[in-house]
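[1] here you go, sequence then predicted model.
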Amino acid sequence: MLCCPFSRGEMINGHTQLFGIIGRPVTHSLSPAMHNAAFTELGINGVYIPLQPTNLDQGFDGLKSLGFIGVSVTVPFKVEILHLLDRIDPVAEKIGAVNTLLFDRSDPAKILCTGYNTDWIGSNQALAEELVLEKSTVLIIGAGGAARAVGFGLQEAGARIVITNRTESKGRDLASLLGCPFVPAAEVAHVQADALVNTTSVGMEPHNTILPIASELIGRFAVVMDIVYAPLTTRLLREAAAQGCRTIDGLKMLQYQGAAQFTLWTKRPAPHATMREALLRVLQARSS
Ligand code: ATR
């Protein structure tokens, strides 16, 4: 860690760069801890704060006029914010949702906002630690926004994907959008895939004893990733490890999507270890 004679509060001054997250609710977001730890580690005079706009359009105007450089976007604004952007990254456009804003202030008379989606970068990087994506087939459980980002991301990387989902119609809709097969839950036993990714909230506290797939099917996959991170070791990951699978916890995707945001905003490599430690510290504090 860089040695700094000031506490974070004392460092905030007229030159402090503003970053934040907009969502509703945002009180439980882990992103402030992750990004503020990264600023401290690299000695960047920046601050990242949670913001809960009562009105998205007005909130967005506020970010523009108050000098924000970069902002994370979370539920329920990831799609609703699209109409406010000046530009959108091509993959974010395909996904149809953004989780990152970057304000270009080079011309103060015309501040331009570009929307990105780093969720897919986060899931690809997490999976790439255990898989060669372009040679792999991945079974995705779920058909919501997270499944969409994970699915488009894997296709960007050249992986083959298969979708399964509790509600068949929603699963089929996403599969047809992605141009990939859909498999009903009852037929998952017939899927040949290298990896399994749970993109649903199944297994999240307080319902942490529920599995998103039958226990006897988990060992069929070499790699199992869960996007649920509370608890960090979900029942899915515990059973996967016991059945000999390599596992990837939900903090990895969160950490890597945050790291991609950090680099977009600061143009500097993200301090990965510091960001993960900050996430773990908050989770630990919450569970004790
Ligand atoms: P997100 O944007 O976070 O992905 P979402 O759009 O609400 O959230 O999608 C949630 C996904 O989790 C859906 O695929 C949902 O399945 P349905 O389409 O059947 O609703 C899935 N999901 C949520 N709770 C579930 C449960 N108890 N069992 C199985 N699937 C569940």
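    Perfect, thanks for sending it. Residues are numbered from 1 along each chain as shown.

[2] only C-alpha atoms from now on, for both contacts and neighbour counts.
    Fine.

[3] what about residue 16, neighbour count?
    A count of nearby residues for residue 16, using other C-alpha atoms under 10 Å, gives 12.

[4] then residue 258?
    For residue 258, using other C-alpha under 10 Å, the count is 26.

[5] show me the contacts for it.
    With contacts defined as C-alpha atoms under 8 Å, 6 or more residues apart in numbering, the neighbours of residue 258 are 31, 34-35, 118, 122.

[6] packing partners for the least confident helix or strand in the chain by mean pLDDT?
    Scoring the helices and strands of the chain by mean pLDDT, DSSP states H and E places helix 8-11 at the bottom, with a mean of 73. Packed against helix 8-11 by the contact rule (3 or more C-alpha pairs under 8 Å, 6 or more residues apart in numbering; DSSP states H and E) you find no helix or strand.

[7] in that helix, what's buried?
    Neighbour counts over helix 8-11 (16 or more other C-alpha atoms under 10 Å) mark residue 11 as buried.

[8] pull the helix or strand residue 282 falls within out as PDB, backbone CA atoms only.
    Using DSSP states H and E, residue 282 maps to helix 272-287. This file holds the C-alpha atoms of helix 272-287, laid out as PDB (Å, rounded to 0.1, in the frame of the first residue of the first chain):
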ATOM      1  CA  HIS A 272      -7.100  -6.900  -8.100                       C
ATOM      2  CA  ALA A 273      -5.900  -8.300  -4.700                       C
ATOM      3  CA  THR A 274      -6.800  -5.100  -2.900                       C
ATOM      4  CA  MET A 275     -10.300  -5.000  -4.500                       C
ATOM      5  CA  ARG A 276     -11.000  -8.700  -3.500                       C
ATOM      6  CA  GLU A 277      -9.700  -8.100   0.000                       C
ATOM      7  CA  ALA A 278     -12.000  -5.200   0.400                       C
ATOM      8  CA  LEU A 279     -15.000  -7.200  -0.800                       C
ATOM      9  CA  LEU A 280     -14.100 -10.100   1.600                       C
ATOM     10  CA  ARG A 281     -13.800  -7.600   4.500                       C
ATOM     11  CA  VAL A 282     -17.300  -6.200   3.900                       C
ATOM     12  CA  LEU A 283     -18.800  -9.700   3.500                       C
ATOM     13  CA  GLN A 284     -17.100 -10.900   6.700                       C
ATOM     14  CA  ALA A 285     -18.300  -7.800   8.700                       C
ATOM     15  CA  ARG A 286     -21.800  -8.400   7.500                       C
ATOM     16  CA  SER A 287     -21.900 -12.100   8.400                       C
END
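
[9] could you shift the numbering so residue one becomes 45, and keep it that way?
    From this message on, residue numbering opens at 45, which makes the last subject helix 316-331.

[10] pull out the buried positions in that helix.
    318-320, 322-324, 327.

[11] which one of those residues is nearest residue 151?
    residue 319 (31.9 Å; C-alpha to C-alpha).

[12] before we move on, back to that, residues in contact with the helix holding residue 326?
    So helix 316-331 is contacted by 74-75, 77-79, 81-82, 85, 274, 295-296, 299-300, 303 (C-alpha under 8 Å, 6+ apart).

[13] farthest pair within these?
    The widest separation within the contacts of helix 316-331 (C-alpha to C-alpha) is 25.5 Å, between 85 and 274.

[14] what sits against residue 268?
    239-241, 262, 281, 284, 289-292.

[15] of these, which are in range of the ligand?
    The subset of the contacts of residue 268 within reach of the ligand, by C-alpha under 6 Å from any ligand atom, is empty.

[16] out of those residues, which are buried?
    Buried among the contacts of residue 268 (16+ other C-alpha under 10 Å): 239-241, 262, 281, 284, 289-292.
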